[in-house]
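> the amino acid sequence is not available; the structure is as follows:
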């Protein structure tokens, strides 16, 4: 690729777009500069923007909501399912059935986040959305290769976005993203928008901007795509080992719905003494994280400004319990055993509660 002298939107990008579309079994894929751009461009390509309300979850990376606002639309935050951390279809139905103050915005679309690599309940969500005349966009940033009923995520909605940030299941050596759709008009629109609205070079047919996947990242992603399924399978093996070893503890292991092939971007447990557990593991040289410590509806940039659909009790409870354990294909069985044994040891330590007088 370096010897070719062609570094932007050339044969490597075109080949990766074709190969990823074939991997999903979908008509079109368009490489862009980041996962956030991909979601924004997917919405713009569907003509979602000013005056439109877009439903999504509060328990997600803030990039989801930022992309909705960058498209000019109004995000409306919903609660998640207790076990899968993904959009609760019942909460979407409630939001459409019961009055919410959306200002001047009208319900137009739903962005479904496949969080931690677990597919959301797409058949139920699509059914609710279609009855209400909503467009469906999938945020697949953490779910490369995840499947529901044998069908890959990213193939249920009107358009879908992927991120290739280096930590993703399919990661580049920098930023990168992709929009996919079976609608050729959506793909064509994204191709225009990602490069200044050009239909011919240097002539903008519509307003656009610069969001291009570069050739080097595409070349790397083409190689890594061949190993995605094997990497996901190893993640599932690691998750199964965690499940087995943590059965004898009080922590709650991640749920997996029927018919789901979880991509396990993260392995997220729930513990009543969240901070205590993380400190215990840190003292033993085991890194953990919270994805995500502050839900969007509580963040200073959004609190009181972005509409919320009634209560978000599941989201609010989850953030005080969730702990992401180490999860990547290179983890050995011995690594998993050591992490699990440290949690077993922690679980034997009684909670210390100060008397309140």
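Noted; the coordinates are in hand. None of these values were measured; they are calculated from a predicted model.
> contact partners of the longest helix belonging to the chain?
Under DSSP state H, the helix in the chain containing the largest number of residues is helix 228-246. Contact partners of helix 228-246, identified using C-beta atoms under 8 Å, 6 or more residues apart in numbering, comprise 23, 117, 144-146, 169-170, 253-254, 261-265, 267, 269, 325, 327-329, 331, 333, 336-337, 339-341, 343-344. Every C-beta, even on glycine, is put in place using the N, C-alpha and C of the backbone.
> how far off centre is it?
Centroid separation for helix 228-246 versus its chain: 19 Å, with C-alpha atoms, centre = their mean, to the nearest Å.
> just to revisit the earlier point, now the contacts of helix 228-246: which count as buried?
Buried subset of those (neighbour count, 16 or more other C-beta atoms under 10 Å): 23, 117, 144-146, 169-170, 253-254, 261-265, 267, 269, 325, 327, 331, 336, 339-340, 343.
> so for the longest helix of the chain, what gets flagged as buried?
For helix 228-246, by 16+ other C-beta under 10 Å, it's 228, 231, 232, 234, 235, 238, 239, 241, 242, 245, 246.
> any idea of the mean pLDDT in it?
Model confidence over helix 228-246, given as mean pLDDT, is 98.
> mind checking which of the buried ones among the contacts of helix 228-246 are in strands?
261, 267, 269, 325 (DSSP state E).
> for these, give me JSON lines that also has distance to residue 279 and pLDDT.
Converted to JSON lines, those look like this (distance: C-beta to C-beta, whole Å; pLDDT from 0 to 100):
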{"residue": "261", "distance to residue 279": "34", "pLDDT": "98"}
{"residue": "267", "distance to residue 279": "19", "pLDDT": "98"}
{"residue": "269", "distance to residue 279": "15", "pLDDT": "98"}
{"residue": "325", "distance to residue 279": "15", "pLDDT": "98"}
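> what's residue 36 sitting at in phi/psi?
Phi and psi for residue 36, reported as degrees, to the nearest 10, are phi -60, psi -50.
> what about it, neighbour count?
The number of residues packed near residue 36 is 24, by other C-beta atoms under 10 Å.
> for residue 168, see how far away it is.
13 Å (C-beta to C-beta, to the nearest Å).
> do the same with residue 250
Relative to residue 168, and taking C-beta to C-beta, residue 250 is found at 31 Å.
> of these two, who's got more company?
Taking other C-beta under 10 Å, residue 250 and residue 168 do not tie; residue 168 has more neighbours (20 against 12).
> contacting residues for that one?
Counting by C-beta under 8 Å, 6+ apart, residue 168 has contacts 141, 142, 144, 265.
> ranges for the helices of the stretch 51-200 of the chain?
62-70, 89-97, 122-131, 184-193 (DSSP state H, counting those that start in this stretch).
> what mean pLDDT does the second one have?
It stands for helix 89-97. Regarding helix 89-97, the rounded mean pLDDT is 95.
> over to the last one?
On average, the pLDDT along helix 184-193 is 97.
> now residue 9, nearest residue through space, not along the chain?
Nearest residue to residue 9, sequence neighbours excluded (C-beta to C-beta, 6 or more residues apart in numbering): residue 212, at 5.5 Å.
> that's a helix at the one you found, yeah?
No: looking at residue 212 with DSSP: H, G, I helix; E, B strand; the rest coil, it is coil, so not inside a helix.
> look at it and say how many residues are nearby.
15.
> same check, this time on the one 3 residues further on
A total of 23 residues lie near residue 215 under the criterion other C-beta under 10 Å.
> for the residue lying closest to it once chain neighbours are set aside, give its distance to residue 225.
Counting by C-beta to C-beta, 6+ apart, residue 12 is the residue found nearest to residue 215 once chain neighbours are left out, at 4.4 Å. Per C-beta to C-beta, residue 12 is found 12 Å from residue 225.
> of those two, which one has the most company?
The neighbour comparison of residue 12 against residue 225 (other C-beta under 10 Å) goes to residue 12, with 23 against 17.
> could you measure from that one over to residue 155?
24 Å.
> ditto for residue 130
Residue 130 is 16 Å from residue 155, by C-beta to C-beta.
> please apply the same query to residue 307.
29 Å.
> low-confidence ranges in the stretch 201-350 of the chain?
In the prediction, the stretch 201-350 of the chain carries no residues with pLDDT under 70.
> and with 80 instead?
Counting by pLDDT under 80, the stretch 201-350 of the chain shows low-confidence ranges at 350.
> tell me what the closest residue to residue 24 other than its chain neighbours is bridged to.
Leaving aside its chain neighbours, residue 24 sits nearest to residue 152 (4.9 Å; criterion: C-beta to C-beta, 6+ apart). Note on residue 152: beta-bridge partners residue 147, judged by DSSP bridges.
> sounds good, over and out.
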